[in-house]
Structures are given as structure tokens and as C-alpha cells.
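Novice: Need a 3D model of the following:
(one chain, ligands or ions: 1)
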Amino acid sequence: MITPSLIKELKALLGNDNVMDSEVDRVSYSYDSAVLESVVPELVVRPVNSETLGKVVSLCNENRIPMTVRGSGTNLSGGTIPSSTHGMVVLTNGLNKILEINEDDLYAVVQPGVVTATFAAAVAAKGLFYPPDPGSMAVSTLGGNVAENAGGLRGLKYGVTKDYVMGVDFWDVNGNLIKSGSRTVKCVTGYNLGGLMVASEGTLGVFDQIILKLVPPPAASRAMLAVFDNMAKASETVSAIIAEKIVPCTLEFLDNFTIRTVEDYSRAGLPTDAEALLLIEVDGHPAQVEEEAQKIMSLCTRLGASSVTAAQNAQEKATIWQARRDALPALARLKPTTVLEDATVPRSQIPAMIAAIQSIGKKYDLTIGIFGHAGDGNLHPTILCDKRDKKEFGKVEQAVDEIFEHALALKGTLSGEHGIGIAKSKFMEHEVSRATLGFCRHLKTSLDPHGILNPGKIIGG
Ligand SMILES: Cc1cc2nc3c(=O)[nH]c(=O)nc-3n(C[C@H](O)[C@H](O)[C@H](O)COP(=O)(O)OP(=O)(O)OC[C@H]3O[C@@H](n4cnc5c(N)ncnc54)[C@H](O)[C@@H]3O)c2cc1C
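Specialist: Take a look at the predicted model:
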């Protein structure tokens, strides 16, 4: 229980301003970016250094208080919605220092509350590159990115957050600081604890420091826009590009509804009668970039693109990527509620998955825009609705269930990048075996016997 004496102890530890129990503060941390019911916590606390973060975790365990650690709350799966009104939200935005950027050994050491874009800019200022680029990077934190294994537009060539995590130091539920990984390129000392912590969504430990790999930036890049009158042709082109042994750094698509909505929003001159747009970028050595761009453009034409253009300068490149960046804001302004999902299928199944989403939309009479990462099969069906309309929202929930069932039937996965949280925990047994789920539950109860760390997420209650 959160007793007055515990609040007093927390205030002595963290300072009065970092222990928040007003209704306004508690309601502010009762929801995140997922469209789910909010749950108001009893208390919100903000440790501002490593030691006090560890102490808060052990105090929660000793007093049997469930805790949900929160970066910026941009996750789309309910990972930071408290599991019950009895509990605490622990903010990490006070631990926001970049502790080291090592230019000789190409790594950085950060605290979990560092905002992703701030980090990427600090690294770029040193002539280095941190590729993971979630669409939310202007706000999301590195701790949240690691806890969700966030991906982004560059995932196809550069991978996702897990590919850059060299080590994670985390507080276990008893308040012990556990160190994993190293500053070396190779490290096989013992269990891969860092690997276990990636995508653990705050359920196994609380990150204190993260060691991230950095890479040199590409010397050149070229962006292209290909227009298709048929989604299957666009998808075939994606497979053909990969089969040609070209790995673009980015390979995205927009469906017809999204193209029309973006055009209506930004008037960038997109072809509103196109069934699909592919937005493609290659990067690397200048000569290689030119050769790959030429190959891609002729492949697009050969496989039925009605037009394909390459950006000739930075302005044209920015226009291409603005069309992709505008997809979500353009769709989101159509209705009060935006349900952004991330059903993911093998690349070759994109047309089948899109057809399934469109027919689910028709069946429930819902407006759904589809865009996403064509290169890795990670689709973002975006359902536009009004959550206050109970009848309509009931249909949305059924539609989302069916979208995931279809993704699994096509040998896909529940989440390419948004995590499981509360939103998809009920589907876990549809994707992983009973034994696998049992193993995960066993792991959770071994590491957190009293269910203190973000209970109810991923594997349910
Ligand atoms: C507009 C928009 C665009 C998005 N685009 C993308 C995208 O392109 N790719 C993508 O992958 N995601 C995307 N997301 C989802 C979201 O931004 C990511 O999941 C991001 O990684 C969450 O970071 P956060 O700091 O907001 O974490 P939060 O939402 O605060 O937390 C996420 C999870 O991490 C846990 N956590 C946070 N800090 C710690 C810590 N120190 N220790 C242990 N666990 C911790 C939390 O308990 C929670 O389970 C998008 C979201 C929005 C709203």
C-alpha cells in the first residue's frame, strides 16, 4: 500500500516536486498513445539519478506496489497504462544524460530518458550515425525504444533498436544493479541478458544505462518515387528489388486512400488515382548508390510502374519523404480517434494482407488507411473512428482482432514494432505455443515473484 509514511520517505529521497499525488498529475499519467481505457495510478514519481531509481524499484517491491516505468508514453500498445489503480508510475525523463559518445570505438552510453532525436543529433554532430528512427523519435526515449525494440523507416537495411544495443544495465526488482554486455564489439560472457531486456516492456527490470552501437554515416543517398495502378505489382517490385540483391535503406508504401488523404492535406502533387506508391531510398558509396538507383528505376518500369522519378536535389528528396511523414497526421485529422496498428507479414504476403484489411474495413463499414514498411512487411493499418461512439468502437475492436488473425494466418506476427503491452496480450497464445508462453510466465515469476514490474503486460495477468 502507498501509505503516508511511504510518501514521506519518497519525498525525502526524490524531493517534494518529484512525488506527485494531485489528481491532475495522476490523470496525466493514466494513459498513453494506445487507444485503451485509462487507469489512474495512486502516485507518480520522478527519480533524477541512478541510485534513486534503484531505490524506488526496491521500495515498490518491499511494499508490494506495482510500478509502471514510463519514458514519453508514446507506445501504441498500452505498455504504460497502469495495470490497476493501486500502483505507481515511475518517470524516467529525469535520467536524460548522454554519458559518453566514443568516436574511437563507435559506441555511446546513455541514460534511459534521453530523447531519441536528441541523441541522433548529438551523434550526428560528431560525424557518426545512429540509424533507428521511429516516427515518434522527436519525443520517444531511448529507454522506451529499447523496451519496445522500436523500429523505423531504415529498418530494412540498418535493422532496429536491438541491433544497436551492446549492453543494458538494469535494476532488478530487488534493487540490485545488473550489468549486461560490454563496450566491445564482441561479447559472449554469459547469458545474453541485454537481449532478454530488449522488448521486455518494463516487465523484467528497469533500465539504468544503455550502451548503443554507432556506425559511420552513408556518404550518399538517392530517393525515388514509383507510382503503381495495382498493389500486387508494387509488391512484386519490392521482392524483385531484394532479389536483385539491393537492400534499400528505406522502402515504404502508401495505399490509394492514404495517397488521397495526404494529397488533400499537403497538396504535394501526388497522383491520387494511383493504387500504390513506393517510396524508395538507397544509400552508401556514391557510385554504388547511382548504380542501384538506376537498377531500381528500370525494375519499377519493367514491373509495371506507371512512372518512376528520382529526386534530383535535397528539396525533391524532402518532398518524397514528406509524403510518407504526412501519412499519419493526414489520416489522423479525419476522425477524432486514430487506431494505428502494426500487423506484419512476410513481404510476399503484403497484397493478401492489404486485401484482407480492405475487406475487413468494408465488412465493418470502417475507414482504414494503409501505409508502412513494404521492405519488411510491416503494415500500419490505421482505423479512423470516434471512440465515444460505442457501437462504432465495438466494430473497431472486432476489426482489429480480425486483422491480427489474418496476419497470423499469413505466417506473420502480432507486432513488427509497436510491442504487445495490454493491447495484444490476449493474442499471444495464437502466435506462440503454450510451452513458450509458459516459459515466459516462469521467467517473469522467477525474476519478479510479487508481480511488481509492469504487471499485466505482454503475457497478461
Ligand atoms: C506518432 C507515433 C509514431 C510512432 N512511430 C513508431 C515507429 O516508427 N516505430 C516504432 O517502433 N514505434 C513507433 N511508435 C511507438 C512508440 O513511439 C515506440 O514504442 C517508442 O519506443 C516508445 O518510447 P517511449 O519513450 O514513449 O516509451 P513509453 O511509451 O513511455 O514506454 C514504452 C515501454 O517501455 C517501458 N519502459 C520505458 N522506459 C523504461 C526503462 N527505463 N526501463 C524499462 N522499461 C522501460 C515502459 O514500461 C513501456 O512498457 C510511434 C508512436 C507514435 C505516437
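
Novice: where does the residue in the stretch 151-300 of the chain that the ligand sits nearest to fall, helix, sheet strand or coil?
Specialist: Minimum separation of the stretch 151-300 of the chain from the ligand (C-beta to the nearest ligand atom) falls at Gly202, amounting to 2.7 Å. In this view, the C-beta of every residue, glycine as well, is placed from N, C-alpha and C. Assigned with DSSP: H, G, I helix; E, B strand; the rest coil, Gly202 falls in the coil class.

Novice: Pull the number of nearby residues for it.
Specialist: Look at Gly202: counted by other C-beta atoms under 10 Å, it has 28 neighbours.

Novice: Also the one 4 residues further on?
Specialist: The local packing count at Val206 equals 26, with neighbours defined by other C-beta under 10 Å.

Novice: so what's it closest to, chain neighbours aside?
Specialist: Counting by C-beta to C-beta, 6 or more residues apart in numbering, Trp171 is the residue found nearest to Val206 once chain neighbours are left out, at 4.6 Å.

Novice: before we move on, what about Asp163?
Specialist: Leaving aside its chain neighbours, Asp163 sits nearest to Lys213 (7.6 Å; criterion: C-beta to C-beta, 6+ apart).

Novice: quick one on the thing from earlier: does the residue of the stretch 151-300 of the chain closest to the ligand touch Ile81 like I think?
Specialist: No. Counting by C-beta atoms under 8 Å, Gly202 stays clear of Ile81, with 11.5 Å between them.

Novice: Now do the shared contacts for those two.
Specialist: By C-beta atoms under 8 Å, 6 or more residues apart in numbering, Gly202 and Ile81 have these common neighbours: Thr68.

Novice: Where does pLDDT dip in this structure?
Specialist: For the chain, not a single residue meets the criterion pLDDT under 70.

Novice: Spell out which parts of it neighbour the ligand.
Specialist: Neighbours of the ligand within the chain, by C-beta under 6 Å from any ligand atom: 32-33, 68-76, 79-80, 92, 112, 134-136, 140-141, 143-145, 147-148, 150-152, 201-202, 206-207, 328, 417-418, 454.

Novice: Restricted to helices, list those.
Specialist: With helices taken from DSSP state H, the overlap with those comprises 143-145, 147-148, 328.

Novice: tell me, how many neighbours does the nearest residue to Leu76 once chain neighbours are set aside end up with?
Specialist: With sequence-adjacent residues excluded and distances taken as C-beta to C-beta, 6+ apart, Leu76 is closest to His418, at 4.4 Å. Residues lying near His418 (other C-beta under 10 Å) number 27.

Novice: From here on, call the first residue 10.
Specialist: Fine by me, first position is 10 from now on; the one you just mentioned is His427.

Novice: ok, and for stretch 222-234, which residues are buried?
Specialist: Across stretch 222-234, burial judged by 16 or more other C-beta atoms under 10 Å covers 222-223, 227, 230-234.

Novice: Could you look up the SS state of the nearest residue in space to Ser357 that is not next to it in sequence?
Specialist: Excluding the flanking residues, the one nearest Ser357 by C-beta to C-beta, 6+ apart is Ser248, at 6.0 Å. Three-state call for Ser248 (three-state DSSP): helix.

Novice: May I see the buried residues of the helix of greatest length in the chain?
Specialist: Taking DSSP H as the criterion, the chain has its longest helix at helix 399-418. Buried positions in helix 399-418, judged by neighbour count with 16+ other C-beta under 10 Å: 401-402, 404-405, 408-409, 411-413, 415-417.

Novice: Tell me how far that helix lies from the chain's centre.
Specialist: 20 Å (C-alpha atoms, centre = their mean, to the nearest Å).

Novice: show me the contacts for the residue in the chain that the ligand sits nearest to.
Specialist: Residue of the chain nearest the ligand, by C-beta to the nearest ligand atom: Gly153 (2.1 Å). Contact analysis of Gly153 by C-beta under 8 Å, 6+ apart lists 80-81, 83-84, 121, 159.

Novice: same thing but at 6 Å, please
Specialist: Residues in contact with Gly153 (C-beta atoms under 6 Å, 6 or more residues apart in numbering) are Gly80.

Novice: Over to Leu393?
Specialist: 343-344, 376.

Novice: my read is it is in a strand, agree?
Specialist: Yes. Remark: Leu393 belongs to a strand, assigned using three-state DSSP.

Novice: Spatially nearest residue to it (excluding sequence neighbours)?
Specialist: Among residues not flanking Leu393 along the chain, Lys344 sits closest, at 3.9 Å (C-beta to C-beta, 6+ apart).

Novice: Got phi/psi on the residue positioned nearest the centre of the chain?
Specialist: The residue lying closest to the centre of the chain (C-alpha atoms, centre = their mean) is Ala159, at 3.6 Å. The phi and psi values for Ala159, taken as degrees, to the nearest 10, are phi -60, psi 150.

Novice: helix, strand or coil for Ile187?
Specialist: Ile187 - assigned by three-state DSSP - is strand.

Novice: Run through the bridge partners of it.
Specialist: The partner list for Ile187 in beta bridges (DSSP bridges) reads Phe179.

Novice: Let me know whether it touches Val177 as I believe.
Specialist: No. Assessed by C-beta atoms under 6 Å, Ile187 is found out of contact with Val177, at 8.7 Å.

Novice: nearest residue to Ser316 other than its sequence neighbours?
Specialist: Once flanking residues are discounted, Ser316 sits nearest to Val236: 4.7 Å by C-beta to C-beta, 6+ apart.

Novice: who does the helix or strand containing the one you found touch, helix- and strand-wise?
Specialist: Using DSSP states H and E, Val236 sits in strand 229-237. In terms of contacts (3 or more C-beta pairs under 6 Å, 6 or more residues apart in numbering; DSSP states H and E), strand 229-237 is packed against strand 285-293, helix 295-311, strand 316-319, helix 323-334.
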